[in-house]
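**Q** This is the structure alone, sequence omitted:
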């Protein structure tokens, strides 16, 4: 997960001070990097007309748009005004708060996705607990995280964010990557593990400027920019991207993401 916060059933901003330009950079540059993850989950769960999907921390809603293209009923929670506005441009029903029954003719969903990692200071278990309350019996919750650090070329680039921020404000993007870490988040909920997988999600950009804009739009560098200054963070980030710069000027980093499928058993079903 990259940065969704849920308190009760309300998501919170992935990073303070996100500008309209950065939100659009996320929607136009960075969000598409996760399409292989979204599609793998949709294929695995056979998302279609019989599926009602809720995206927690859905940002500008590309995953929901892809699900809607398969015929699913979709809704999203995204507290950031700019990102929610971009989702509205895609004609997606995305709100800042959950209102039971407002988006589909039911008070819960057959699939709840949490593709983003909570920001520093947020307990991931609260996000998962909220997802568990919003999924129908027999439905699924999907959690995602970066894959093993050694299989992600972006690891060194992401380290810039932690190195240039106060330790207390910097969350390790790979904290949920070790085996069993996502599964541990299900403890105390009505959810049980029901499969999962790994997906290759290369981060590929036409040029260095696009790479900088896309990565800065993730929100992962917000704390670093606040502590060390935006210009210095951008400079260090640019230097960290040099090993992945190709002769034609493009930038490419091979990465792996992991997803966990959790099921909420039907009443009276096996546990």
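**A** Good, I have the coordinates. Keep in mind that what you see is a predicted model, and the values were worked out from it rather than measured. Numbering: from 1, shown residues only.
**Q** roughly how far is the longest strand belonging to the chain from the heart of the chain?
**A** With secondary structure taken from DSSP state E, the chain has its longest strand at strand 135-146. Centroid separation between strand 135-146 and its chain, computed with Cα atoms, centre = their mean, to the nearest Å, is 13 Å.
**Q** This protein: strands as residue ranges?
**A** Using DSSP E, strands in the chain cover 5-7, 10-12, 52-56, 73-77, 94-95, 109-114, 135-146, 192-200, 203-205, 251-253, 256-263.
**Q** Flag every buried residue along the third one.
**A** When you say that, I think you mean strand 52-56. 52, 53, 54, 55, 56 (16 or more other Cβ atoms under 10 Å). For the C-beta atoms, the positions are set from N, CA and C on the backbone; glycine is no exception.
**Q** What distance do you get for the most centrally placed residue in the chain to residue 56?
**A** What sits nearest the mean C-alpha location of the chain, by Cα atoms, centre = their mean, is residue 116, with 2.2 Å. Relative to residue 56, residue 116 is positioned 8 Å away (Cβ to Cβ, to the nearest Å).
**Q** Any regions of the stretch 101-250 of the chain where pLDDT drops low?
**A** Low-confidence segments of the stretch 101-250 of the chain (pLDDT under 70): 101-107, 118-122, 167-170.
**Q** Tell me where it has helices.
**A** 124-134, 155-163, 181-184, 208-216, 222-228, 230-241 (DSSP state H, counting those that start in this stretch).
**Q** Dump the ones you listed into CSV; add mean neighbour count as well.
**A** Shown next, in CSV, are these (neighbours: other Cβ atoms under 10 Å):
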stretch, mean neighbour count
helix 124-134, 21
helix 155-163, 19
helix 181-184, 17
helix 208-216, 21
helix 222-228, 20
helix 230-241, 16
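**Q** Is it possible to get a markdown table of those helices that adds distance to residue 260?
**A** Formatted as a markdown table, the helices of the stretch 101-250 of the chain follow (distance: least, Cβ to Cβ, whole Å):
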| stretch | distance to residue 260 |
| --- | --- |
| helix 124-134 | 10 |
| helix 155-163 | 20 |
| helix 181-184 | 4 |
| helix 208-216 | 25 |
| helix 222-228 | 26 |
| helix 230-241 | 29 |
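**Q** can you tell me which of those comes nearest to residue 200?
**A** Nearest of the helices of the stretch 101-250 of the chain to residue 200, taken as Cβ to Cβ: helix 155-163 at 14.8 Å.
**Q** Between strand 135-146 and that closest one, find me the angle.
**A** Computed with axes from the mean of the first three to the mean of the last three Cα atoms, to 10 degrees, the direction of helix 155-163 lies at 100 degrees from that of strand 135-146.
**Q** Point out the other helices and strands that helix 155-163 packs with.
**A** Judged by 3 or more Cβ pairs under 8 Å, 6 or more residues apart in numbering; DSSP states H and E, the packing partners of helix 155-163 are helix 222-228, helix 230-241.
**Q** Those helices into CSV, with extra columns for distance to residue 264?
**A** Converted to CSV, these look like this (distance: least, Cβ to Cβ, whole Å):
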stretch, distance to residue 264
helix 222-228, 33
helix 230-241, 40
